[in-house]
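**Q** Fold the following.
(one chain, ligands or ions: 1)
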Amino acid sequence: MTRCTGAGRFAPSPSADLHIGNLRTAVLAWLFARSTGRRFLLRVEDLDDRTLPEVGERQVADLAAIGITWDEPPQYQSSHPERYNTVVEQLLEADMAYECFCSRKEILAAPRAPHAPEGAYPGTCRDLTATERADRRAASGRPPALRLRSQRTEFTVTDLLHGEYSGVVDDFVLRRFDGVPAYNLAVVLDDGASGVDQVVRGDDLLPSAPRQAYLASLLDLPRPVYAHVPLVRGADGKRLAKRDGPVSLGQIGVPVALAEIAGSLGYTAVTLDGMLAEFDPARLPRQPWIYRPATLPG
Ligand code: GLU
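**A** Numbering: from 1, shown residues only. Predicted coordinates:
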């Protein structure tokens, strides 16, 4: 195996227990990293106040229980807010970020460019004068969010499963109005600080990759290679969720979870080292895995 100085990672948000789909994504992230000689890191993304410490602890324990190994103690985003705030302040100072007073409703109602997807920021607050900003601040009754003053409308990333992928870059949020660092900023800074150069995660996050890679390039951080893997869905085709039945490790147990994950990937081995021996990125299923908990014993 070629040794490599980079790292891969898994970065769950502790808002709910990991379900079998999340576990499968973690296994894939681990397989991609280990098969390329990378270090593997675990990062608990607990900046949002909808996250719970005990859920984070259970996520770490569940990942260990299925055999995922990591090379450094798990990191918790909430433990180093200064990392995010320092960069936001620097971007503001350099006029590469600006205050935004818009509510979500206003953003959705504003006219947008023909190619911009719903929810892309239409630029309402980008060029406010100092007086206009002061007026909006007085009228809005809450602190502003901070947005990136983007110089691009599109950016291209390389994805091991999706090829060259181009997606929208808008003036995305760096710090929310409640002071919480935004997901896109935190991911980029943490991956950069940890030497992560391979990002494997669910393909629901593929549209975020161009924004993140653009921000990484602005901050002179290396741009990782991506692999956005198909999500796991319930029998109804929707994202797997609690309503689908027993889906967490606590409910289904380690042997069944590993057998299901291995089966879904076409492996005969049901240990992580065994799966590593069989791992071939070119043969990964490209379709969502439909998981039917009802077929499980018990
Ligand atoms: N914390 C994010 C999530 O659980 C994933 C972040 C990432 O992998 O970039 O959806």
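
**Q** Give me the helices and strands touching the helix or strand hosting Ala277, please.
**A** Using DSSP states H and E, Ala277 maps to helix 272-278. The elements that helix 272-278 packs onto, with contact taken as 3 or more C-beta pairs under 8 Å, 6 or more residues apart in numbering; DSSP states H and E, are helix 20-35, helix 254-265. (C-beta placed from N, C-alpha, C; glycine too.)

**Q** Quickly note the distance from Pro222 to the ligand.
**A** 15 Å (C-beta to the nearest ligand atom, to the nearest Å).

**Q** Output the helix holding Ala277 in CSV with nothing but the alpha carbons.
**A** This file holds the C-alpha atoms of helix 272-278, laid out as CSV (Å, rounded to 0.1, in the frame of the first residue of the first chain):
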residue,chain,number,x,y,z
LEU,A,272,-13.8,-4.1,8.5
ASP,A,273,-10.4,-5.6,7.7
GLY,A,274,-12.0,-8.2,5.5
MET,A,275,-14.0,-5.6,3.7
LEU,A,276,-10.7,-3.6,3.2
ALA,A,277,-9.2,-6.6,1.5
GLU,A,278,-12.2,-6.7,-0.9
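
**Q** low-confidence ranges in this structure?
**A** Residue ranges of the chain with pLDDT under 70: 1-4, 294-298.

**Q** list the contacts for Val55?
**A** The contact partners of Val55, by C-beta atoms under 8 Å, 6 or more residues apart in numbering, come to 14-17.

**Q** Secondary structure element holding it?
**A** Assigned by DSSP H and E, Val55 belongs to helix 53-65.

**Q** which is the next helix or strand following that helix?
**A** Downstream of helix 53-65 (by DSSP H and E), the next one is strand 75-76.

**Q** and whichever residue of the stretch 101-250 of the chain sits closest to the ligand, bridged to which residues?
**A** Closest residue of the stretch 101-250 of the chain to the ligand, C-beta to the nearest ligand atom: Arg201 (3.7 Å). Taking DSSP bridges as the rule, Arg201 bridges to His228.

**Q** That one reaches Ala11, doesn't it?
**A** Yes - contact criterion C-beta atoms under 8 Å: Arg201 and Ala11 qualify, at 7.3 Å.

**Q** ok, which stretches of the stretch 151-298 of the chain are helices?
**A** 183-194, 209-218, 249-252, 254-265, 272-278 (DSSP state H, counting those that start in this stretch).

**Q** got a list of contacts for the fourth one?
**A** The contact list for helix 254-265, computed with C-beta under 8 Å, 6+ apart, reads 20, 23-24, 27-28, 65-67, 232, 249, 252, 268-271, 274-275, 284-285, 289, 291, 296-297.

**Q** cool, the second one as well?
**A** Contact partners of helix 209-218, identified using C-beta under 8 Å, 6+ apart, comprise 96, 148, 150, 152, 154-157, 159, 165-170, 172, 184-185, 187-188, 191-192, 199, 222-224, 226, 228.

**Q** out of Arg201 and Ala11, which sits in the busier spot?
**A** Of the pair Arg201 and Ala11, Arg201 is the one with more neighbours under other C-beta atoms under 10 Å, namely 24 against 21.

**Q** what's near enough to touch that one?
**A** Residues near Arg201 by C-beta under 8 Å, 6+ apart: 10-11, 25, 29, 228-229.

**Q** Dump the helices of the stretch 151-298 of the chain to a markdown table, plus distance to Ala134.
**A** Shown next, in a markdown table, are the helices of the stretch 151-298 of the chain (distance: least, C-beta to C-beta, whole Å):
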| stretch | distance to Ala134 |
| --- | --- |
| helix 183-194 | 26 |
| helix 209-218 | 28 |
| helix 249-252 | 52 |
| helix 254-265 | 55 |
| helix 272-278 | 57 |
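
**Q** how about a markdown table for those helices, with mean neighbour count added?
**A** Shown next, in a markdown table, are the helices of the stretch 151-298 of the chain (neighbours: other C-beta atoms under 10 Å):
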| stretch | mean neighbour count |
| --- | --- |
| helix 183-194 | 21 |
| helix 209-218 | 22 |
| helix 249-252 | 19 |
| helix 254-265 | 18 |
| helix 272-278 | 15 |
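
**Q** I'd like those as JSON lines, with distance to the ligand appended.
**A** Listed next are the helices of the stretch 151-298 of the chain as JSON lines, based on distance: least, C-beta to the nearest ligand atom, whole Å:
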{"stretch": "helix 183-194", "distance to the ligand": "5"}
{"stretch": "helix 209-218", "distance to the ligand": "8"}
{"stretch": "helix 249-252", "distance to the ligand": "16"}
{"stretch": "helix 254-265", "distance to the ligand": "18"}
{"stretch": "helix 272-278", "distance to the ligand": "19"}
